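Q: Kindly return the folded structure for what I paste below:
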Amino acid sequence: MRKHFDAIALVITALTIAVTIAFVNGEKLGIKTTVDADSDAHSDDTYFTDNDLNGSWDTTGATTIALDGDTATVVGSGAYVSNGDVTIASSGRYVVSGTLEQGSLTVDANANSKVWILLDGVSITNDTDACIVVDQADKVFLTLADGTTNTLTSGETYDEVALADNTDGTIFAHDDLTINGGGKLVVTAGYKHGISANDDLVIAGGDITVDASTDGMHANDSLRVCSATLDVTAGDDGLAVDEENGYLYVDSGTIAVTSADEGMVAPGDVTIAGGGVTISTGTDQGHHGIKSGGTCTISGGTVLIEECYEGIQALYIDVTGGDVTAYPADDGLNASTGESSDAMGMDGPGGGMGGGRGAMGGGMGQMSEAQDGDTSQDGGDSQDGEASQDGEASQDTEGEQSDVPNDAGAGNHEPPQMGERPEGQMPQGDRPQGDRPQGDRPQGQMPQGSATQSDATESENSGTATVDTTINTNTNTSTTTTEQAESPWIHISGGSITIVNETGRDADGLDSNGDIIVTGGDVRVSMKGDGSNSAIDYGSESGGVCTISGGTVVACGGSSMAEGFDSSSTQGSVLYGYSSGSEAGTTVTLQDADGNELLSYAAPCSFTSVNLSCPQMVQGETYRIVIGEVEEEVTLDEVATTAGDTGDAQSGMGGRGNQGDQGNAGDRERQGGQGNASDQGNASGQPAGGPGERPEETDTPESVDDNTTVTETTQTEAYTTETLIICGIAVVVLVAGLAVAIAFRRH
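A: A predicted model of the protein is given here:
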């Protein structure tokens, strides 16, 4: 029988190799893995986990920490007090109450630990360090107990130890941090940020007020908000993410931001899928209500930007739902690379004087505004920066390839075509309520509900508490970069957009360095008509188009640089201008041949041109335009028609290029056409190029077993029991087979 042992050993080895191959390719063969959704190593497709959403976890068996002036009392295991500071040293659940003066509550646990902390009426002050610090953990859940107010106050100067640790917030976490619950939290940050996390920051509940000298809320990787009430006052940015491809996502709740710089900013995508957002940033150049280095998607909720320099700036702007209102000093919606493009001179795109944007209606007839023969702006201060002599806008910003795990593709983000959406799934979001005109829907999957509801589940040992298991199952893939920046675009397929600019000079309502595609929604723009303000501006000089196939548009502004929809549109439109102009508050009405009202808008600003479009407008039909006391019949001889009284207005002074903000430049001289004021400030390090495809929608990860004890737990990525058994058997059999073969060879 001995002679068969070599053969047996070889067979065992072959079987072991086969099992190993099956293990390596387990997912392809249908072997499923179980992953802790709250693990730092987790990369599944969810914005909020069950634990994020559970603000009423069971406190039975939790360690209690009673703060008392400069000390504290700990009942239970896992925490200790030293020199007035409280340290939580292991995973588990902790209930904290009382007042701590000149001390910190610190989490310094195992790197795999999950820590739950219930703030049950806590007041912490610390003049030289953060009030709550997460030195090490996998994830910390900071829960605000219902009916309580918790106050954290830090000083203006941190000590050397805190600075050496790069502590930069009143609440500071080196790792993932979630804040949830139904209580109140008041954060006052004398030094830098209010709430800061080096990884992901999730705000999933609570009534939170932040007053910070720098950023109100600051995260490196992502900042995600749902079911919370936030009131943020910031000396710099309100809600900010700063790592390359870092993203910001708002699902629901109420957010009010008053900031000295950006309201909401991320180098990757910014998505608002629901809730109510109100932003005020001031009107200094470079201050945006919302700024994204990738795609800014508005798919639900209400966005009100009360005061800003520009309302929304992003590489791509995709409005699929919701209600957006902005009162900018410059552009309302600005799709640009965020980089400075060459200024256009007298020989800008479209030829010399009278070319490019000076041709009202994109080549359908020239219409320009008479402004007492003077188009220079307040002394004609020249724009800082170099002027291009070839009239081409620079669009070749380079960037590094994204390393975000779920990016399915990069650099393949074509602008949406008529009736067509960019490929890839977009973040989900509530559709607006009411009878919004939808128009032709683009192809591909559109953003849907803000919250994907599923069966409620038990969690956190409560036995009774139930939460929605999923808010959104599409992870943000952020922005990937390509060797050359793709052409920016604005796509409006739903919702409501209102842009009002009463003071702008050389400003635009909808401004894209590339395309503007309207396939639905309701757009109202009112720009002051006595400056070179355009209701609609797109990159016609660089091959961009402005098309409409659905929705309603009333866009009022100046006529000297006005642009209308392209002749490739499938829905009728008319660009109407007249030299006499209309006063602020004048109502524009569009009627059909029978006198039925199709559109009506009382424009808050004076204007000398108006762009009108709605689904009822058909080529060849006649319509009546009523502007105050002025009435005129217009026949749509072309799908995009230009009409009206140009009076003594002169043709435009060359095409306007797409030019970034160049510091605090004064009012710009209008010779040769100027840039679109697409902001360059604070855009360093932002990736260029389109976002990669969104990953396929997947099921929400299974809930984590919340029966956590105080002992250390390893809750990072784990394979199923079946897979572990197969792997273990394979190793044992291999070792045994080899041992038997060697033993018999020796004998």
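Q: How is the chain divided into domains?
A: What automatic domain parsing lists as the domains of the chain is 2-35+717-746, 63-330, 351-395+487-645.
Q: could you redo those domains as JSON lines and give each row mean neighbour count and mean pLDDT?
A: To be clear about C-beta, it is placed using only N, CA and C from the backbone, and glycine gets the same treatment. Output for the domains of the chain, formatted as JSON lines (neighbours: other CB atoms under 10 Å; pLDDT from 0 to 100):
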{"stretch": "domain 2-35+717-746", "mean neighbour count": "13", "mean pLDDT": "64"}
{"stretch": "domain 63-330", "mean neighbour count": "23", "mean pLDDT": "96"}
{"stretch": "domain 351-395+487-645", "mean neighbour count": "22", "mean pLDDT": "80"}
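Q: Surely Ile516 and Ile536 touch.
A: Yes. Ile516 lies in contact with Ile536 (CB atoms under 8 Å); the separation is 6.6 Å.
Q: Please enumerate the shared neighbours of those two.
A: 510, 546 (CB atoms under 8 Å, 6 or more residues apart in numbering).
Q: just to revisit the earlier point, wait, which of the domains of the chain is closest to Asp50?
A: domain 63-330 (10.6 Å; CB to CB).
Q: end to end, how far does that closest one reach?
A: 55 Å (CA to CA, to the nearest Å).
Q: before we move on, what about stretch 504-511?
A: Using CA to CA, the two ends of stretch 504-511 sit 14 Å apart.
Q: and Thr278, what does it touch?
A: Applying CB under 8 Å, 6+ apart, the residues contacting Thr278 are 255-257, 304-306.
Q: The same query, at a cut-off of 6 Å, please.
A: Thr278 is in contact with 256, 304, counting by CB atoms under 6 Å, 6 or more residues apart in numbering.
Q: Going by secondary structure, it is in what exactly?
A: When elements are assigned from DSSP states H and E, Thr278 belongs to strand 276-280.
Q: cool, Val500 as well?
A: strand 489-501.
Q: Parallel or antiparallel, list what pairs with that strand.
A: strand 316-319 (parallel), strand 323-328 (parallel), strand 515-527 (parallel) (DSSP bridges).
Q: Tyr247 contacts Thr271, correct?
A: No. Assessed by CB atoms under 6 Å, Tyr247 is found out of contact with Thr271, at 7.4 Å.
Q: For Met617, find the nearest of the strands paired with strand 489-501.
A: strand 515-527 (13.0 Å).
Q: Which helix or strand lies directly C-terminal to that closest one?
A: Next along from strand 515-527, by DSSP H and E: strand 534-537.
Q: and Val626, what element?
A: strand 622-627.
Q: before we move on, back to that, possible to save the domains of the chain as TSV with distance to Tyr47?
A: Formatted as TSV, the domains of the chain follow (distance: least, CB to CB, whole Å):
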stretch	distance to Tyr47
domain 2-35+717-746	16
domain 63-330	5
domain 351-395+487-645	21
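Q: ok, Val554 to Ala643 distance?
A: As for Val554, its distance to Ala643 is 15 Å (criterion: CB to CB, to the nearest Å).
Q: now the spatially closest residue to Val618 that is not a sequence neighbour: how far from Cys614?
A: Excluding the flanking residues, the one nearest Val618 by CB to CB, 6 or more residues apart in numbering is Gly572, at 5.7 Å. Using CB to CB, one gets 8 Å for the distance from Gly572 to Cys614.
Q: Equivalent analysis for Ala189, please.
A: 49 Å.
Q: go on, Gly238?
A: In terms of CB to CB, Gly238 sits 36 Å off from Cys614.
Q: go on, Gly268?
A: For Gly268 relative to Cys614 (CB to CB), the value is 35 Å.
Q: Repeat that for Thr148.
A: 52 Å.
Q: what does Ser77 give?
A: In terms of CB to CB, Ser77 sits 69 Å off from Cys614.
Q: just the helices in the stretch 101-250 of the chain please.
A: 160-164 (DSSP state H, counting those that start in this stretch).
Q: Mind listing the strands whichever helix or strand comes after the strand holding Val500 pairs with, and their directions?
A: Sequence-wise, the next helix or strand downstream of strand 489-501 (DSSP H and E) is strand 508-512. Neighbouring strands of strand 508-512 in its sheet, by DSSP bridges, are strand 333-335 (parallel), strand 534-537 (parallel).
Q: before we move on, the earlier item: so what's the residue nearest to Val618 up against?
A: Counting by CB under 6 Å, 6+ apart, the residues that Gly572 touches are 617-619, 636, 639.
Q: Relative to the helix or strand where Thr547 lies, what are the paired strands and their orientations?
A: Secondary structure assignment for Thr547, by DSSP H and E: strand 546-557. Each strand paired with strand 546-557, and its direction, by DSSP bridges: strand 515-527 (parallel), strand 607-613 (antiparallel).
Q: so can I have JSON lines of those showing distance to Ala162?
A: Shown next, in JSON lines, are those (distance: least, CB to CB, whole Å):
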{"stretch": "strand 515-527", "distance to Ala162": "48"}
{"stretch": "strand 607-613", "distance to Ala162": "55"}
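Q: if we compare those, which one ends up closest to Asp221?
A: strand 515-527 (31.0 Å).
Q: Tell me the secondary structure at the residue nearest to Thr73 when sequence neighbours are not counted.
A: Sequence neighbours aside, Ala66 is the residue nearest to Thr73 in space, at 4.6 Å (criterion: CB to CB, 6+ apart). Three-state assignment for Ala66 (DSSP: H, G, I helix; E, B strand; the rest coil): strand.
Q: residues touching Ala66, list them.
A: Here Ala66 is in contact with 73, 97-98 (CB under 6 Å, 6+ apart).
Q: Make TSV out of those and add secondary structure.
A: Shown next, in TSV, are the contacts of Ala66 (three-state DSSP):
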residue	secondary structure
Thr73	strand
Ser97	strand
Gly98	strand
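Q: Can you tell me which of those residues is nearest Asn126?
A: Gly98 (14.9 Å).
Q: what's the spacing between the spatially closest residue to that closest one that is not a sequence neighbour and Glu621?
A: In space, Gly98 comes closest to Leu67 once its chain neighbours are excluded; the distance is 3.4 Å by CB to CB, 6+ apart. Distance of Leu67 to Glu621, given as CB to CB: 75 Å.
Q: With Ile124 instead?
A: For Ile124 relative to Glu621 (CB to CB), the value is 69 Å.
Q: do the same with Ser252
A: 43 Å.
Q: correct me, but Ser567 touches Ala640?
A: Yes. Ser567 is within contact range of Ala640, at 5.1 Å (criterion: CB under 6 Å).
Q: and the angle from the helix or strand that contains Leu599 to strand 515-527?
A: Following DSSP H and E, one finds Leu599 within strand 597-602. Orientation note: strand 597-602 sits at an angle of 60 degrees relative to strand 515-527 (axes from the mean of the first three to the mean of the last three CA atoms, to 10 degrees).
Q: Output strand 597-602 in PDB, but only the C-alpha positions, please.
A: Provided in PDB are the C-alpha atoms of strand 597-602 (Å, rounded to 0.1, in the frame of the first residue of the first chain):
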ATOM      1  CA  GLU A 597     -51.800  82.200 -21.300                       C
ATOM      2  CA  LEU A 598     -48.900  79.800 -21.700                       C
ATOM      3  CA  LEU A 599     -46.200  81.500 -19.600                       C
ATOM      4  CA  SER A 600     -46.200  84.400 -17.200                       C
ATOM      5  CA  TYR A 601     -43.400  85.900 -15.000                       C
ATOM      6  CA  ALA A 602     -43.100  89.200 -13.100                       C
END
